[in-house]
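Undergrad: Please find the sequence and the predicted model below.
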Amino acid sequence: MNKLTSYLNTNKDTKEIIWKFAFLGNATIQATKYDELSELAEHENWTSSGSSKKNNILQSYISHTFDRAFELGEKHVLISDDETFSCFNTGLLTDNGEDIICLFNEFESSDEYKWHLYGFRKVSDWDFLNHFSKTPEVPQFFSNPADVYFDPNKELIKNLDHILDDNFDRFNEDLQAKGKSYINALLSNALELTLTKCKRNYRIAVPQYYKGKITYLLPVTIDDQLMSVAVESINGRYRVNTIFTLDMAYKNARLLMKPEVDWITAATK
């Protein structure tokens, strides 16, 4: 059993474990903390092109990375001996290659929360070293490096019913107005074109961590809307599971590594 569960605020109505574990502050305080983190870490564009909220990708990254650290247990989320601080490894680095740690301190004035977001610190900072005798392990999302590579020669099964019936609202209004049959025809053709391109450039397929497993993101352009389908490996074949907007795809992909393929980095421009 994960002993960390005893620190959760079970009354908090959210799917984000980090919000059950600690109070992160009001919107202004959170914005300040994430600004500080974006300055501390290696340069990266952490804001979606269509977002009015600065560092929205970074906030999603921290939330999901903590989810994984919490799932992996006590080597990944550390509690100080006197239980006044806790921390986890964000997986991010400074320009000079130092790990960046997220620190929580005891929230003494709260009856709901044990922890409060203290801030983000380099692994060499006094704030971290003074409270912890070891560094939390980096949360890993896969153990076999081969899992992140997509094989375009495998058979691809298209689960188009789910995409068109359950995720229809992810298409823009112009496409929705043209109807499911129209989208179906274009989506099938777009997938075939993408697979052809993948056979010539394997880097087109981008791995992502989604619902506890490694799957793959493939670009599809339907009329003028660039989107991404998620492809899962099942018993030697691939299955197209769902479709994402570019913003959703980038956030999922960023958990594993910084995406560098042009089609997906367009989400941050």
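TA: That came through fine.
Undergrad: quick one: the helices in the stretch 51-200 of the chain?
TA: 56-72, 126-129, 160-166, 173-178, 180-198 (DSSP state H, counting those that start in this stretch).
Undergrad: Compare the mean pLDDT across those and name the weakest.
TA: Mean pLDDT is lowest for helix 160-166 among the helices of the stretch 51-200 of the chain, at a mean of 90.
Undergrad: related to what we said a few turns ago, switch the helices of the stretch 51-200 of the chain over to CSV; also include mean neighbour count.
TA: Glycine gets a C-beta too; all of them are placed from N, C-alpha and C. Shown next, in CSV, are the helices of the stretch 51-200 of the chain (neighbours: other C-beta atoms under 10 Å):
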stretch, mean neighbour count
helix 56-72, 21
helix 126-129, 15
helix 160-166, 15
helix 173-178, 12
helix 180-198, 16
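Undergrad: With respect to residue 85, which of those lies nearest?
TA: For the helices of the stretch 51-200 of the chain, the distance to residue 85 is smallest for helix 126-129, at 8.6 Å, taking C-beta to C-beta.
Undergrad: nearest to residue 246, of the helices of the stretch 51-200 of the chain?
TA: Of the helices of the stretch 51-200 of the chain, nearest to residue 246 by C-beta to C-beta is helix 56-72, at 11.6 Å.
Undergrad: what sits up against the closest one?
TA: Helix 56-72 is contacted from outside by 2, 4, 16-19, 21, 30, 34, 37-38, 45-48, 53, 76-77, 88-91, 102, 136-137, 139-141, 209, 250-251, 254-255, 268, using C-beta atoms under 8 Å, 6 or more residues apart in numbering.
Undergrad: Pull out the buried members of those residues.
TA: 4, 16-19, 21, 34, 37-38, 45-48, 76-77, 88-91, 102, 136, 139, 141, 209, 250-251, 254-255, 268 (16 or more other C-beta atoms under 10 Å).
Undergrad: which residues are in contact with the lowest-mean-pLDDT helix or strand in the chain?
TA: When the helices and strands of the chain are scored by mean pLDDT, DSSP states H and E, helix 160-166 comes last with a mean of 90. Under the contact criterion C-beta under 8 Å, 6+ apart, helix 160-166 has outside partners 180, 183-184, 187-188, 229, 240-243.
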